[in-house]
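1. missing the sequence, but the structure's below:
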Ligand code: CA
């Protein structure tokens, strides 16, 4: 292929054109290698190393780890070279390896360090509060003052497409708890932030770009019956730690420059360490597909805390952030029923059935069900920036 993208209008209108260029790790039969996605193809970066100069060493490993350990200046310089390399009408360098996505196997693109999950949608927090604690204030008193979060399990973060086995666990029962496969398996549609740059502590919001490399979509699979019995007083544990899925491609923050927006008010001024001198909210439009039916369209613009505020909060006590750390936004829900980001909310605690287009109805996940979360963002000049989907299928619980 001598010309990358023959029709500039096509390139601009499709979500994985030269304006996006997410990074992933592909295996086309000769081992895992770093690539960028271009339309429905993967451009293997070792095949264009001579066009990348000194920066080629950052993408010559079998994961994104060396790239994440570099600096914002290097990330932006590499992206500028890649954008120029694949711009519409430009000629492909000799030897460039452009492989159809159908011919590659994707792997988890980086070594996940610490994993933190936040809870930053007011609508999600209020809905869950109303469902779980109907007789009290749905929003707990700390919620408008800090981005509530917990530490999750990085070892079970898996790449999109990995099947998810229905977990066993304890759930409430009378007179004694029951044990067995979860009967209330759910998803949470979230956005994950992939950290990089130098190891740092106390990262102010103004320095977020030095430590946030890019974004993925994230499905925080949740067993509600296990969670409901175990979570008090210390929060989520085994109801969440069995699997967390992320996109196979990491969209660099630079691709989302035109999607930056201010976060909504929380009703009072933020503490100084959570104030922002530039907007760090993101105008991402999500869609949740359940067995092929779009059941919800959450908008990330409704999130009350930005990634910069979450990172500032996560490190304000002196805790470090390191390359490969991952933090998630919390379930993305909006004010409308059609914008709820999990099935607990969509089915209102299992009481309202959700209709799928094949005539079936659901409240929680059944074995064999597939969930795909997709998202787009506004790009420059009316273009669309895609965030690579995160997909997963439910496998039956194993026999114990
Ligand atoms: Ca979550």
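-> Sure thing, it's come through. These numbers come from a predicted model, not from an experiment.
2. what separates residue 350 from residue 87, distance-wise?
-> 50 Å (Cβ to Cβ, to the nearest Å). (Glycine included, C-beta is placed from N, CA and C.)
3. same deal with residue 281?
-> Residue 281 is 29 Å from residue 87, by Cβ to Cβ.
4. Which of the two has more residues huddled nearby?
-> Using other Cβ atoms under 10 Å, the more surrounded residue of residue 281 and residue 87 is residue 281, with 22 against 15.
5. who touches residue 227 in this structure?
-> 236, 239-240 (Cβ atoms under 8 Å, 6 or more residues apart in numbering).
6. Going toward the C-terminus from the helix or strand harbouring it, what's the next helix or strand?
-> Under the criterion of DSSP states H and E, residue 227 resides in helix 224-230. Next along the chain after helix 224-230, taking DSSP H and E as the criterion, comes strand 244-246.
7. Quick check: mean pLDDT of that next one?
-> The predicted model gives strand 244-246 an average pLDDT of 98.
8. Okay, now the sheet partners of it, with direction.
-> Sheet pairing of strand 244-246 (DSSP bridges) gives strand 157-159 (parallel), strand 212-219 (antiparallel).
9. Can you identify the helix in this structure that spans the most residues?
-> In the chain, with assignment by DSSP state H, the single longest helix is helix 72-86.
10. Write out the residues of the stretch 1-150 of the chain neighbouring the ion.
-> For the stretch 1-150 of the chain, the contact set with the ion under Cβ under 5 Å from the ion comprises residue 117.
11. how about the closest residue to the ion within the stretch 1-150 of the chain, phi and psi?
-> Residue of the stretch 1-150 of the chain nearest the ion, by Cβ to the ion: residue 117 (4.6 Å). Main-chain dihedrals, residue 117, degrees, to the nearest 10: phi -120, psi 130.
12. closest to residue 288 out of the strands paired with strand 244-246?
-> Comparison of the strands paired with strand 244-246 against residue 288 by Cβ to Cβ identifies strand 212-219 as nearest, at 9.2 Å.
13. Pull out the buried positions in that closest one.
-> In terms of neighbour count (16 or more other Cβ atoms under 10 Å), strand 212-219 has its buried residues at 212-219.
14. and the residue of the stretch 1-150 of the chain closest to the ion, what are its bridge partners?
-> residue 150, residue 328.
15. Next one, pLDDT for it please.
-> For residue 117, the model assigns a pLDDT of 98.
16. Tell me how far it lies from residue 144.
-> According to Cβ to Cβ, residue 117 stands 19 Å off from residue 144.
17. Also residue 252?
-> Distance from residue 252 to residue 144, by Cβ to Cβ: 32 Å.
18. which regions of the stretch 151-300 of the chain lie under the pLDDT threshold?
-> For the stretch 151-300 of the chain, applying pLDDT under 70 flags no range at all.
19. So out of everything in it, what residue is nearest the ion?
-> residue 220 (3.7 Å).
20. Please give the number of neighbouring residues around residue 116.
-> 21.
21. Likewise for residue 322?
-> So residue 322, with other Cβ under 10 Å, has 16 neighbours.
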